[in-house]
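*Asks:* could you look at this predicted model? Sequence included:
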Amino acid sequence: MAMLSRMQAWESRKKAAGFDDDLHSYEALISGYIKLNDFDNADRYYEEMLSSGIIPSICILENILDGLCMRENICKVKEYLKAIIEDGREVSISMAERLVHLYSRNGKIEELKELLQTLLASNSYSDVLSQVHCGIIRMHALADRLDDME
């Protein structure tokens, strides 16, 4: 609670002093709000940043994905991932790890296979593809369905 009030005070003082928000400010705000599990404010600042024309850093993209994964909103995760890829951005290894963990934790093997196909179509890095493929194999192994692997 104290951190939240400090963040809000910092933001107010910065705006009162006439400083514009920049990428680093948004990165700090979004990261802080995600760590506080204040997803509404994190989402609000993300949308504000996008509408002001600032391109999010990989750190911001990862933080927003973290927030969506913490909420376990698989539908929004899929929408967000689609938007990232359509925008020409790369999915990082840590983002792939978070996605694999989310889908595995929720028993969503078909969604994980769909993710692999999406990443293949977007020419993602081999490390990212390997992370997702290993997640699929792990899920098949846990379900004792390795014979289903093609």
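*Replies:* Here it is on my side, so go on.
*Asks:* could you give the number of residues near Tyr103?
*Replies:* 24 (other C-beta atoms under 10 Å). Using the backbone N, CA and C atoms, a C-beta is placed for each residue, glycine as well.
*Asks:* do the same with the one 3 residues further on
*Replies:* Residues within reach of Asn106, counting by other C-beta under 10 Å, total 12.
*Asks:* which ones are touching it?
*Replies:* Glu72, Ile74 (C-beta atoms under 8 Å, 6 or more residues apart in numbering).
*Asks:* residues in contact with Arg44?
*Replies:* Contacts of Arg44 (C-beta under 8 Å, 6+ apart): none.
*Asks:* pop out the phi and psi values for it.
*Replies:* phi -60, psi -50 (degrees, to the nearest 10).
*Asks:* do you know how far it is from Asn37?
*Replies:* Between Arg44 and Asn37 the computed distance is 14 Å (C-beta to C-beta, to the nearest Å).
*Asks:* identify the residues contacting the closest residue to Leu50 other than its chain neighbours.
*Replies:* Counting by C-beta to C-beta, 6 or more residues apart in numbering, Pro56 is the residue found nearest to Leu50 once chain neighbours are left out, at 7.2 Å. Pro56 makes contact with Leu23, Tyr26, Tyr46, Met49, Leu50, Ile64 under the criterion C-beta under 8 Å, 6+ apart.
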